[in-house]
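J.: give me the fold of what follows.
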Amino acid sequence: MKTCIAAAFSLLWCGWVTAAPYPTEVQFRAAIEDAAKLVQAEGLNLEVFDAQKVGLERPLLAARLSLESGNCLIFYNTKPEDGLIQYFETVTASDLPVLLRAIALHEATHCIEQREAYVRKRFDKVLPPGFRGDNVTVQSYRSAVESGALETWGEALADIASLLYLKQATPDQWLELAKGVAGMRRDLARKWPAHDTSPWLYKVIAAEAGANSTAGQSLFEIAFQLRRQYRPGD
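T.: Now for the predicted structure:
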């Protein structure tokens, strides 16, 4: 009887030690601050806002590039979201900080792509094969984005950048974390179908893409390359 009680207590203790609750404001801000350091080399500054205070309902994190300031505006939302609650329950407390940094980097990647399009007008770089980059304008690109036609394409870039960061930051654990991200995207496809980037991510994971990339090469530039290279159906 004592042995059973001890075993049960041990399981409860392990669960308490490893369980990661839904991210808090402090955790979000710490992750975004760390991501800000990573994107300084890209000449991009991050500004942080509480999504609920400015009326945004997007769960977890969201971002957009300010064309006025050139800064990346990142909004965090601490309100628990069904589906994401269950996902974070699978994440250990020790893995949560690096995972949140990867998620923050995901958002910064959206701003980098928006800068490539709206500021630098590198449409061949940001558009999927099949689009005529030489005929694209800022307005037509914006119209394509607003129509939702490029949503999955954009999410794929950001998720690939997140995986590359995980490989860089936690080389011994990245496969487990990366598979968790891909699985989450697949499992939540019914709720957020446009965010199902798992067809890309499983290809990247299987190939351990980026493992032999040129030293010093921007992980964002690698992500742009891999998004095309591992496009589903190719």
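
J.: Y118 and I112, how far apart?
T.: 11 Å (CB to CB, to the nearest Å). Heads up, the C-betas are built off the backbone N, CA and C, glycines and all.

J.: excluding its backbone neighbours, what's nearest A93?
T.: Counting by CB to CB, 6 or more residues apart in numbering, the nearest residue to A93 once its immediate chain neighbours are dropped is A20, at 4.7 Å.

J.: returning to that earlier point: so between Y118 and I112, which is more surrounded?
T.: I112 (26 against 15; other CB atoms under 10 Å).

J.: contact partners for that one?
T.: V39, E42, L44, C72, F220 (CB atoms under 8 Å, 6 or more residues apart in numbering).

J.: middle-most residue in the protein, spatially?
T.: With distances taken as CA atoms, centre = their mean, H106 lies nearest the centre of the chain, 3.0 Å away.

J.: for that residue, what are its contacts?
T.: By CB under 8 Å, 6+ apart, the neighbours of H106 are L61, A158, D159, A161, S162.

J.: and it, what element?
T.: Per DSSP states H and E, H106 falls inside helix 96-114.

J.: state the mean pLDDT of that helix.
T.: Mean per-residue pLDDT for helix 96-114: 97.

J.: for it, what is the distance to the chain centroid?
T.: Averaging C-alpha positions (CA atoms, centre = their mean, to the nearest Å) puts helix 96-114 5 Å from its chain's average.

J.: export that helix as PDB, just CAs?
T.: Extracted C-alpha coordinates of helix 96-114, given in PDB (Å, rounded to 0.1, in the frame of the first residue of the first chain):
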ATOM      1  CA  LEU A  96       8.200  26.600 -22.700                       C
ATOM      2  CA  PRO A  97      10.600  29.600 -22.800                       C
ATOM      3  CA  VAL A  98      12.400  28.400 -26.000                       C
ATOM      4  CA  LEU A  99       9.100  27.500 -27.600                       C
ATOM      5  CA  LEU A 100       7.600  31.000 -26.900                       C
ATOM      6  CA  ARG A 101      10.700  32.600 -28.400                       C
ATOM      7  CA  ALA A 102      10.200  30.500 -31.500                       C
ATOM      8  CA  ILE A 103       6.500  31.600 -31.600                       C
ATOM      9  CA  ALA A 104       7.600  35.300 -31.200                       C
ATOM     10  CA  LEU A 105      10.100  34.800 -34.000                       C
ATOM     11  CA  HIS A 106       7.300  33.400 -36.100                       C
ATOM     12  CA  GLU A 107       5.500  36.700 -35.700                       C
ATOM     13  CA  ALA A 108       8.600  38.800 -36.500                       C
ATOM     14  CA  THR A 109       8.900  36.700 -39.700                       C
ATOM     15  CA  HIS A 110       5.600  38.000 -40.800                       C
ATOM     16  CA  CYS A 111       6.900  41.600 -40.500                       C
ATOM     17  CA  ILE A 112      10.100  40.700 -42.400                       C
ATOM     18  CA  GLU A 113       8.000  39.300 -45.300                       C
ATOM     19  CA  GLN A 114       5.700  42.400 -45.200                       C
END
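
J.: and the next helix or strand past that helix?
T.: Counting by DSSP H and E, the next helix or strand C-terminal to helix 96-114 is helix 123-126.

J.: would you mind listing the buried residues in that following helix?
T.: Judged by neighbour count (16 or more other CB atoms under 10 Å), helix 123-126 contains these buried residues: F123, V126.
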